[in-house]
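Asker: Give me coordinates for this.
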Amino acid sequence: MLDAVTDFRLLADPASLDGKLRELRVYWLSKKPESSLPGRRDIDPLDIPRLMPYVALVDILRDPLDYRYRLTGTKFVEMIGHDRTGMRAREVFTGHLLDETVALIGRLVESRAPLAFEGRLFWIDKAYYRFQTVILPLAADGKTVDMAIMGLDFRHDD
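Answerer: Model (predicted):
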């Protein structure tokens, strides 16, 4: 279990994301109906093959609030160091990181709007410690967030 993220901060504007994550957000916006949310049925991996390695698809769970990784892309797995498919956030994170994760899920469910954040990870023994993430809500009924697409990208520490 993990409990070591520093410099974690929400990005005020998801449009400020870098490259692939900005492209994923633009794709989600293209699938979003005007007054509701896209559902999983609206997202076609064949539309975004270049982005899929950086993507995780998660089920949003309630009672208690949590998420479960349904699918994790190959680069996502490579960057994290293991495959989280089938795992819940509560099985991966502990302490303040779990608290922040649950708060983010709550914010996503309540706001029904994309979230973007960045930070530094010290638990990954890799040359890249800085990361950016975008979480894009999905709703089968157009309103109730039941899934999300997460895009994750790492950068070398400066």
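
Asker: hey, let's count contacts and neighbours off CA atoms from now on
Answerer: Will do.

Asker: Tell me where the protein has helices.
Answerer: Secondary structure of the chain by DSSP state H: the helices cover 19-31, 74-80, 89-92, 95-111.

Asker: The first one packs against which elements?
Answerer: Packed against helix 19-31, as judged by 3 or more Cα pairs under 8 Å, 6 or more residues apart in numbering; DSSP states H and E, are the following elements: strand 128-138, strand 147-156.

Asker: average model confidence for it?
Answerer: Taken as a whole, helix 19-31 carries a mean pLDDT of 94.

Asker: what comes up buried for stretch 10-17?
Answerer: By neighbour count with 16 or more other Cα atoms under 10 Å, stretch 10-17 contains the buried residues 10, 11, 14, 17.

Asker: just checking, the last one touches residue 118?
Answerer: No: under the criterion of Cα atoms under 8 Å, residue 17 lies out of contact with residue 118, with a separation of 9.2 Å.

Asker: what is in contact with those two at once?
Answerer: residue 132 (Cα atoms under 8 Å, 6 or more residues apart in numbering).
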